[in-house]
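1. Sequence and computational prediction follow.
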Amino acid sequence: MARPPLLQLSDVTLSWGGDPVFDGVQLNVQPGDRVALVGRNGSGKSTLMKVMAGLVEPDAGSVTTAPGTTVGYMEQDPSMAGFATLGDFAASALGPAEAWRVEAVAEGLRFDPGADPATSSGGERRRAALAKLMAEAPELMLLDEPTNHLDIAAVEWLERELGQTRAAFVLISHDRAFLRALTRATLWIDRGEVRRQDRGFERFEEWRDKVWEDEDLQRHKMDRRIKSEGRWAVEGISARRKRNMGRVRALQDLRAERASQTRRQGAAALSLSHGPTSGKRVIVAEHLSKGFGGRPIVRDFSLTVQRGDRVGFVGPNGVGKTTLLKMLLGEVAPDEGTVTHGTNLAVAVFDQARAALDPDLSLWDTLAGDPAMRVAGKADQVMVRGEPRHVVGYLKDFLFSEDRARAPVRSLSGGETARLLLARLMARESNVLVLDEPTNDLDIETLDLLQEVLSDYAGTVLLVSHDRDFLDRVATTTVAMEGDGRATAYAGGWSDYLSQRPDRPAPPPVRAEPARAAPSQPAAAPKAKADGLSYAERHRLEALPALIDRLTAEIGKLETLLAKADLFHREPAKFRKASEAMAERQAALAAAEEEWLTLAEKADG
């Protein structure tokens, strides 16, 4: 006999005084379900989860929990008033004999249960909320962004725990690798409708694109029918008015239906402008050592960052990734060693602490009041990559409505705050981007766009992230900081680092596509040795053809642009930038071809 669902939503509708957040939702969560809850930032994912948890009352419909079922919800910003320590909060629903569970979970999540909530960071408080849920072990777990503020080791621990649990769970996350590893069904919120597919996140994007393709086809057919019927109404109605009023009303109904259709939210218009070309060597760090209070951050660390490199920094929270970044940028002095910067650097920084934003300012004033974006005498305009733009128009590029432009920064969600920071960052011309945990809170579509923009960016990228999939897509070098001052550079992204790390066998790649070969057994070592190439050199040899193809394609586009006869006279600044970009890419292409030839000859002996 089939067991009843743990949780059932029947005809649930909710609105916040305007259009419904969702309308007529029907869904069941069955025992053992492992469900991804996905959708754009602002689509209502967290709100739906709060309805499921009984924290938000719907306007209509019912939420039913099976008798005796325990449901646990991980709050993003829990109240810890009255608790002396994070551990006290996490153990508040447990008996004395069960308090050990919190200690076990705290070890896996890497936080101190004895810490004072009043002085703990937001990330530490969220880890305590996650520890509380995991220690209580309810039959249904509702997890809202559990991986935010976790380092990769803690994410992998949580992935193993959830992979082994018998409990059902519904999971909101933008971490592709995490979702792919754990989920067997997907709930998708899109324009107030909640759809379910009994396949895990691995197949979500394929499903989403098919739904949108069918929707576009139906809209196209409707538009053609309206056009045809409209032509008939103009040309043929006068002679048959009485007999054809039903057809006229049908046309009016078609137009009303078409007007009522909710358009999909567009993607953020992310764009980066490469500033002046930097020197070939951007940063040269030699024999750096740094420590605080007797704790080493790095010991004898050396790194050369070339123009166009994408360097990812990984390691446990608190290991010193941001400190190392600041040393490389010259903001923190090393105890030993030297850092030398190349010529003509223009640095733009994305701050993980969001410290660059004043919570009391409006979005409008945040941009228009930024000295780097201010347009003299124009309070309603901002300077964007050398051109004035109306502030509202620019905010719309990042999916902010005109009404939101006057809202205070404190009213923004995590994803909206990240988009506002990207708006400031991308208004500047730069040739070095420093991104300190940019992926927190961004939805999957915006992460895709950010990855594409970084791939096309002609400058250098320094990236701190705990998102394994994003690192695999972006990084060409990974600096692993493993504690006790150990910092080592590896060629490639996260999966490549795992395959090269000497003390850890390589697992399968964390993502299914695009495929980047990761050796699964030590048999790869003799091959690298036999052809005379190191692991890093072999990886570079395999990566160079794609780089050469990209540079060749970019040169082709620039040649087409510069071939326009009137470009020099009509847009001299654009002509100058395109000429500089052409020279830079031609030099990079020549260097890449020379490097490929050198490595290929070495491989051939």
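-> Cool, got the structure.

2. Please make it C-alpha for all contacts and neighbour counts, starting now.
-> Will do.

3. Just give me the neighbour total for Leu130.
-> Neighbours of Leu130 under the rule other C-alpha atoms under 10 Å: 25.

4. let's have the chain start at 42 instead
-> New numbering, starting at 42: the last item is Leu171.

5. who are the neighbours in contact with it?
-> Shown in contact with Leu171 (C-alpha atoms under 8 Å, 6 or more residues apart in numbering): 115-116, 187.

6. Make sure I have this right: it is in a strand.
-> No: the assignment for Leu171, made by DSSP: H, G, I helix; E, B strand; the rest coil, is helix rather than a strand.

7. quick one: Gly163 from Ala170, how far?
-> For Gly163, the distance to Ala170 (C-alpha to C-alpha, to the nearest Å) stands at 11 Å.

8. Which of these two has more residues huddled nearby?
-> The residue with more neighbours, out of Gly163 and Ala170, is Ala170; 25 against 14, by other C-alpha under 10 Å.

9. Next, the residue nearest to that one when sequence neighbours are not counted: phi, psi?
-> Computed as C-alpha to C-alpha, 6 or more residues apart in numbering, the closest residue to Ala170 that is not its neighbour in sequence is Met115, at 5.9 Å. The phi/psi pair for Met115 (degrees, to the nearest 10) reads phi -90, psi 110.

10. And for Met115, the neighbour number?
-> The burial count for Met115: 24, using other C-alpha under 10 Å.

11. Thr517 too?
-> Look at Thr517: counted by other C-alpha under 10 Å, it has 22 neighbours.

12. What values do phi and psi take at it?
-> phi -100, psi -20.

13. For the nearest residue to it once chain neighbours are set aside, give its distance to Thr206.
-> Nearest non-adjacent residue to Thr517, counting by C-alpha to C-alpha, 6+ apart: Gly533, 4.3 Å away. Separation of Gly533 from Thr206 (C-alpha to C-alpha) stands at 33 Å.

14. likewise Arg240?
-> 19 Å.

15. out of those two, which sits in the busier spot?
-> Between Arg240 and Thr206, counted using other C-alpha under 10 Å, the more crowded position is Arg240 (17 against 12).

16. From Gly80, how far out is that one?
-> 16 Å.

17. residue contacts, Val70?
-> Contacts for Val70 (C-alpha under 8 Å, 6+ apart) come out as 46-49, 209.

18. Looking at those residues, point me to the pair that's furthest apart.
-> Gln49 and Ala209 (13.4 Å; C-alpha to C-alpha).

19. okay, the two: which has more neighbours?
-> Neighbour count, other C-alpha under 10 Å: between Gln49 and Ala209, Ala209 has more, with 21 against 17.

20. That one reaches Leu48, doesn't it?
-> No: assessed by C-alpha atoms under 8 Å, Ala209 is found out of contact with Leu48, at 10.3 Å.

21. what's the burial count for the residue lying closest to Thr593 once chain neighbours are set aside?
-> Take Thr593 and drop its neighbours on the chain: the residue closest to it by C-alpha to C-alpha, 6+ apart is Leu630, 7.3 Å away. Leu630: 19 surrounding residues under other C-alpha under 10 Å.

22. Which pLDDT value does the model give Leu630?
-> Confidence at Leu630, expressed as pLDDT, is 84.

23. what packs against the helix or strand harbouring it?
-> Assigned by DSSP states H and E, Leu630 falls within helix 613-644. Applying 3 or more C-alpha pairs under 8 Å, 6 or more residues apart in numbering; DSSP states H and E, we find helix 613-644 packed against helix 576-603, helix 608-611.

24. So for the first one, what gets flagged as buried?
-> Counting neighbours by 16 or more other C-alpha atoms under 10 Å, one finds that the buried residues in helix 576-603 are 576-582, 585, 589, 591-593, 595-596, 599, 603.

25. got it, and stretch 445-454?
-> 445-446, 448-450, 453.

26. need these in CSV with pLDDT and secondary structure, can you?
-> Shown next, in CSV, are these (pLDDT from 0 to 100; DSSP: H, G, I helix; E, B strand; the rest coil):
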residue, pLDDT, secondary structure
Arg445, 85, helix
Ala446, 89, helix
Ala448, 89, coil
Pro449, 90, strand
Val450, 88, helix
Leu453, 82, coil
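
27. wait, which of those is closest to Thr227?
-> Of all the buried residues of stretch 445-454, Leu453 has the smallest distance to Thr227: 26.5 Å, by C-alpha to C-alpha.
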